[in-house]
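Q: I need the structure of the sequence given here:
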Amino acid sequence: MHTYVVLAYKESEYLEECIKSVLNQKYPSKVVVATSTPNEFIQNIVRKYSLEIIVNPNPGRGIGYDFDFAVSCGKTKLATVAHQDDIYDYEYSDLIVKAYKKNQDSLIVFSDYYEIREEGKVYSNTNLKIKRILLFPLRSRFLASTKFGKRLSLRFGNAISCPAVTFDKDNINTNDIFKCDFVCDVDWYAWEKLSKKSGKFTFIKKPLMGHRVHEDSTTTEIINGRIRTKEDLIMFQKFWPNFIAKFINKFYVKAEDSNN
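A: Below you'll find the predicted structure:
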């Protein structure tokens, strides 16, 4: 019922660790590797674990297009795009599938997460606490099924961690989830779009995967270039009048410092 699509890019030192984590699961998920940058490094790791590699036939169009391609590579009803720098706990797919079976009208099923930093696994900091507060409405099965509840969890920022999300491919258009010209907020853009559709955002409050924060990550690079600030404002304007969006965005910039 569930597939991990490991999205590989160039030569990440963490790719093999990610693959090991998705192969070592309580629930026997399928695993494939998708890439827009095929190279010998990726080929060698894929060959080592006898995995299928799927090469994007239309590379270079942008991050959002790469994500949509990765979702489409899922071999099953449920698909998780595993980011190459991240890791998944032993119970991730097992609990995701169980939660889905209880909520089969779900658009997405996702878990809480922890951060992986130089000092190790971090389960609580200011950034994570704020995101958990924002996600509180989705603990209600009723609110998680309503447009109001889904958008309430998104209107003050993007609290849903993209690599923690599993998609129900039957309930959404997998060719048009992330597709946009953004370079950072492609996931927030996707959740905002999906929040308008009929269906549930099913949230598991237990941290089931680790998102790596390091100086070479794409997120860090984008924040340092302040590209994210511009995209954040566009997203806030989808939920608020312009003057309120600008006010919120000034405070939101400070949260980015947590990623440094």
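Q: just for this structure, where's the confidence low?
A: Applying pLDDT under 70 to the chain flags residues 215-225, 254-260.
Q: hey, where'd the helices end up in it?
A: For the chain, applying DSSP state H gives helices covering 15-23, 40-48, 63-72, 92-102, 126-134, 147-152, 186-194, 218-224, 227-236, 242-256.
Q: residue nearest the centroid of the chain?
A: Cys162 (0.9 Å; Cα atoms, centre = their mean).
Q: List the residues that contact the closest residue to Thr37 other than its chain neighbours.
A: Once flanking residues are discounted, Thr37 sits nearest to Lys10: 5.2 Å by Cβ to Cβ, 6 or more residues apart in numbering. The way it works is simple: take the backbone N, C-alpha and C, and place the C-beta from them, glycine included. Applying Cβ atoms under 8 Å, 6 or more residues apart in numbering to Lys10 gives the contacts 37, 39, 41.
Q: from those, which is closest to Asp176?
A: Thr37 (23.0 Å; Cβ to Cβ).
Q: My guess is the closest one contacts Tyr9. True?
A: Yes: between Thr37 and Tyr9 there is a contact under Cβ atoms under 8 Å: 5.6 Å.
Q: Those two: who's more crowded?
A: Tyr9 (18 against 15; other Cβ atoms under 10 Å).
Q: Any chance of the backbone angles for the more buried one?
A: Per-residue torsions, Tyr9: phi -140, psi 120 (degrees, to the nearest 10).
Q: separation between it and Thr35?
A: In this structure, Tyr9 and Thr35 are 7 Å apart, going by Cβ to Cβ, to the nearest Å.
Q: what do you get for Ala8?
A: Going from Ala8 to Thr35 by Cβ to Cβ gives 4 Å.
Q: Identify the contacts common to these two.
A: Residues touching both Ala8 and Thr35 by Cβ under 8 Å, 6+ apart: Ile42.
Q: end-to-end on stretch 236-248?
A: With Cα to Cα, to the nearest Å as the measure, stretch 236-248 spans 8 Å from end to end.
Q: Go through that stretch and flag the buried ones.
A: Buried residues in stretch 236-248, counting neighbours by 16 or more other Cβ atoms under 10 Å, are found at 236, 239-240, 245, 248.
Q: What is the distance between it and the centre of its chain?
A: 24 Å (Cα atoms, centre = their mean, to the nearest Å).
Q: now stretch 75-87
A: From the chain centre to the centre of stretch 75-87 is a distance of 9 Å (Cα atoms, centre = their mean).
Q: how far does that stretch stretch from start to finish?
A: By Cα to Cα, the extent of stretch 75-87 from end to end equals 20 Å.
Q: will you turn the helices of the chain into CSV that also has distance to Thr166?
A: Formatted as CSV, those follow (distance: least, Cβ to Cβ, whole Å):
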stretch, distance to Thr166
helix 15-23, 12
helix 40-48, 22
helix 63-72, 10
helix 92-102, 5
helix 126-134, 18
helix 147-152, 16
helix 186-194, 13
helix 218-224, 21
helix 227-236, 22
helix 242-256, 26
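Q: out of those, which comes closest to Lys169?
A: Judged by Cβ to Cβ, the one of the helices of the chain that comes nearest to Lys169 is helix 63-72, at 7.1 Å.
Q: roughly how far is stretch 63-77 from the heart of the chain?
A: Chain-centre distance of stretch 63-77: 12 Å, with Cα atoms, centre = their mean.
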